[in-house]
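> Predicted model and sequence follow; I will ask about them next.
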Amino acid sequence: MRRVAVVILNWNGKALLEKYLPSVIQYSKEAQVIVADNASSDDSISFLKENYPQIKIIQNKENLGFAEGYNQALLHVNADYYVLLNSDVEVTENWIGGIIDLMEKNPKIACCQPKLLSYNERKYFEYAGAAGGYIDYLGYPFCRGRVFNYVEEDNGQYDDAKEIFWATGAVMFVRASLYQSFGGLDKDFFAHQEEIDFCWRLKNAGYKIFYYPHSVCYHLGGGSLNKTSPFKTFLNFRNNLYLLYKNLPKEKQFKIFAQRFFLDIIAAFSFLMQGKGGEFSAVFKAYVAFLKTKHLIKAKRTLILNPNIKEIYTKSIVRDYYLRGKNRFRQLDF
């Protein structure tokens, strides 16, 4: 029998647990539901013990961030499949079975995500995953249903099960054996884009990442860091550099990093012109942090068995979006 564990990482999220946990309990009868707590200082734990005594609680001794928080917690979970689920996600009926069936039929599928819609605007895709993640050759992530800040309405245009590049960390189904053998999420990322790195490592090794549209979840988003937080900007820029340095073939790195530096300088001054001094500084802090720690990231580079991944967009999503007005996935030249 397939053992499925739905693991929710919590940090001072009692209000989110109160709001979103009931749907998880209601629609996850075939799975064990677990809350992994990142040393919360609110009364999340007492709330869970009082209201959901059937839920297993794993307590980390400190706030380890998203990546290492999951890594440590999952060492204590015995399952064939992990489902990494954000605490601000509402799930729906039959959200688990179809994805597990798909993964059971194809052992090469390492990760899979459902259709991710916005909790507040329920007819629209959600920024953090939409209908499956992609990346362009310069490392800019985007999704079917979301290119930069343009989010599409869901009209069934992406209702096909399809191989993608990365699965959202908000709702990620992953084979437990592969999660552990690939070292889980990279703790040096702390938070943001660690799921893209994880999926890229799997893709480099020849595994597949999938999107399954008949499982639907609704994501609030921004539950842990404000969307315009300078710290979030710092993490996104630094972690994207980590992502490229770890996973690109060595011969492609110089050219791509040169182009990225130019574009990131433009992004930094764009922040400044908008009066966002914190975000402006965050871009440069990200480069300083990357240069100081790149030797640690270099040590994590692994053998790339699959250097020509078809889900990497070979053109510039920046040019397509800002200069050519292509804001929908179907307008791109895949």
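Received it, and whenever you're ready, just let me know what you need. No experiment lies behind these values; they were computed from the predicted model shown.
> Would you check how far apart the residue in the chain sticking out farthest from the centre and I57 are?
Note on the chain: the largest separation between a C-alpha and the mean C-alpha position, by CA atoms, centre = their mean, falls on E50 (31.0 Å). Distance, E50 to I57, using CB to CB, to the nearest Å: 12 Å. To be clear about C-beta, it is placed using only N, CA and C from the backbone, and glycine gets the same treatment.
> Make sure S177 is indeed in a helix.
Yes. Assigned with DSSP: H, G, I helix; E, B strand; the rest coil, S177 falls within a helix.
> Burial check on it, number of neighbours?
Applying other CB atoms under 10 Å, we find 11 residues neighbouring S177.
> And for the residue lying closest to it once chain neighbours are set aside, the neighbour number?
Ranked by CB to CB, 6 or more residues apart in numbering and with sequence neighbours excluded, the top spatial neighbour of S177 is D80, at 7.8 Å. Neighbouring residues of D80 were enumerated by other CB under 10 Å; the total is 15.
> ok, D80 touching A176?
Yes. With contacts counted by CB atoms under 8 Å, D80 reaches A176, the gap being 5.8 Å.
> got the domain boundaries for the protein?
As given by automatic domain parsing, the domain ranges for the chain are 4-219, 230-331.
> all helices for this structure, in order.
Ranges of helices within the chain are 14-27, 44-51, 65-74, 97-105, 176-181, 194-204, 230-247, 250-273, 277-298, 317-322, based on DSSP state H.
> phi, psi of the closest residue to P249 other than its chain neighbours?
Across the structure, with CB to CB, 6+ apart as the measure, the residue nearest P249 apart from its sequence neighbours is P307 (5.1 Å). Dihedral angles phi and psi of P307 (degrees, to the nearest 10) take the values phi -70, psi -20.
> For P307, give its distance to F290.
23 Å.
> more crowded one of the two?
Between P307 and F290, F290 has the larger neighbour count (other CB under 10 Å), namely 19 against 10.
> quick one: the more buried one and N86, what's the gap?
Taking CB to CB as the measure, F290 falls 26 Å from N86.
> ditto for N155
In this structure, N155 and N86 are separated by 25 Å, where distance is defined by CB to CB.
> neighbour count winner among the two?
Neighbours around N155 and N86, counted as other CB under 10 Å, are more numerous at N86. The numbers are 25 against 8.
> For the residue nearest to N236 when sequence neighbours are not counted, what are phi and psi?
Leaving aside its chain neighbours, N236 sits nearest to H192 (5.4 Å; criterion: CB to CB, 6+ apart). H192 adopts backbone torsions of phi 80, psi 120, taken as degrees, to the nearest 10.
> Report pLDDT for H192.
Among the per-residue scores, H192 holds a pLDDT of 89.
> how about A39, phi and psi?
Here A39 shows phi and psi, under degrees, to the nearest 10, equal to phi 60, psi 50.
> what's the answer for G275, then?
Dihedral angles phi and psi of G275 (degrees, to the nearest 10) take the values phi 80, psi 20.
> quick one: pLDDT of it?
95.
> Would you mind measuring the gap between the ends of stretch 24-33?
This stretch, stretch 24-33, spans 8 Å end to end (CA to CA, to the nearest Å).
> Could you list the residues in contact with it?
Contacting residues not belonging to stretch 24-33 are listed as 3-6, 8, 52, 54-56, 79, 83, 85, 89, 91-97 [CB atoms under 8 Å, 6 or more residues apart in numbering].
> For the stretch 1-150 of the chain, give me the ranges with low pLDDT.
By pLDDT under 70, the weakly predicted segments of the stretch 1-150 of the chain are 1.
> backbone phi and psi for the residue nearest to S177, please?
Per degrees, to the nearest 10, the backbone of D80 is at phi -90, psi -30.
> In contact with it, which residues?
D80 makes contact with R2, R3, V4, R175, A176, S177 under the criterion CB under 8 Å, 6+ apart.
> Quick check, the third one in contact with I99.
Going back to what we said before, that points to V4. No. Contact status for V4 versus I99: not in contact, 9.5 Å apart, counting by CB under 8 Å.
> Which one of the two is surrounded by more residues?
Neighbours were counted for V4 and for I99 using other CB under 10 Å; I99 has more, 26 against 21.
> For the strand ranked longest in the chain, list the C-alpha coordinates in CSV.
Here the longest strand in the chain is taken by residue count, with DSSP state E as the criterion, and it is strand 208-219. Coordinates of the C-alpha atoms in strand 208-219 are reproduced here as CSV (Å, rounded to 0.1, in the frame of the first residue of the first chain):
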residue,chain,number,x,y,z
LYS,A,208,10.9,14.0,-14.8
ILE,A,209,8.8,16.7,-13.0
PHE,A,210,5.1,16.8,-13.8
TYR,A,211,2.0,18.9,-13.5
TYR,A,212,-1.4,17.3,-12.9
PRO,A,213,-4.4,19.5,-13.6
HIS,A,214,-7.2,17.4,-12.0
SER,A,215,-5.9,18.0,-8.6
VAL,A,216,-6.7,21.6,-7.5
CYS,A,217,-5.4,23.7,-4.6
TYR,A,218,-5.9,27.3,-3.6
HIS,A,219,-2.9,29.2,-2.3
